[in-house]
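Engineer: Structure, please.
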Amino acid sequence: QVQLVESGGGLVQTGGSLRLSCAASGSIYITYATSWFRQAPGKGREFVAFISWNSGITYYADSVKGRFTISKDNAKNTVYLQMNSLKPEDTAIYYCALDTSASGSRYDDWARYDYWGQGTQVTVSS
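Structural biologist: Reported below is the predicted structural model:
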């Protein structure tokens, strides 16, 4: 059984910062990649950021490029999302997702990921 636990969400003013964490535990044989997605009220799931565990390659959604940074700590099996210059439109539930099967789907395709966390709420006030 694999568990992903997100933390670090909260309420912040426009222009503020938050750092989200995603800690993985359980029977993880191999991890290929981790991504962050978000879902705002009334909207679909949206890709935010991706990191490859082997190469460290990262990808970002255009809407967060230059403001968000994804990173990882292999020893702790933890991925972080540093979010700076937050905007009200960043308000959403943020989910981390783990790719343990290397399905070959695009990094921004939610179907690529095998495990999901429970989500952490991020609210940015104007």
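Engineer: In three-state terms, label the residue positioned nearest the centre of the chain for me.
Structural biologist: Taking C-alpha atoms, centre = their mean, the centroid of the chain lies closest to Trp36, which sits 1.9 Å from it. Classification of Trp36 using DSSP: H, G, I helix; E, B strand; the rest coil returns strand.
Engineer: what are the bridge partners for it, then?
Structural biologist: Applying DSSP bridges to Trp36 gives these bridge partners: Ala49, Cys96.
Engineer: ditto for Glu6
Structural biologist: Residues in beta-bridge contact with Glu6 (DSSP bridges): Cys22.
Engineer: Isn't it up against Cys22?
Structural biologist: Yes: if you go by C-beta atoms under 8 Å, Glu6 and Cys22 touch, sitting 5.2 Å apart. All C-beta spots, glycine's among them, are computed from the backbone N, C-alpha and C.
Engineer: Just give the number of residues close to Leu86.
Structural biologist: Neighbourhood size, Leu86 [other C-beta atoms under 10 Å]: 22.
Engineer: In contact with it: list those residues for me.
Structural biologist: 12, 14-18, 67, 122, 124 (C-beta atoms under 8 Å, 6 or more residues apart in numbering).
Engineer: 10 Å instead?
Structural biologist: Contacts for Leu86 (C-beta atoms under 10 Å, 6 or more residues apart in numbering) come out as 12-18, 64, 67-68, 122-125.
Engineer: Excluding chain neighbours, what is closest to Gln118?
Structural biologist: Nearest non-adjacent residue to Gln118, counting by C-beta to C-beta, 6 or more residues apart in numbering: Glu6, 6.8 Å away.
Engineer: wait, doesn't that neighbour sit right on Gly119?
Structural biologist: Yes: applying C-beta atoms under 10 Å, one finds Glu6 in contact with Gly119, separated by 6.3 Å.
Engineer: residues shared between the contacts of these two?
Structural biologist: Common neighbours of Glu6 and Gly119 (criterion: C-beta under 10 Å, 6+ apart): 93-96.
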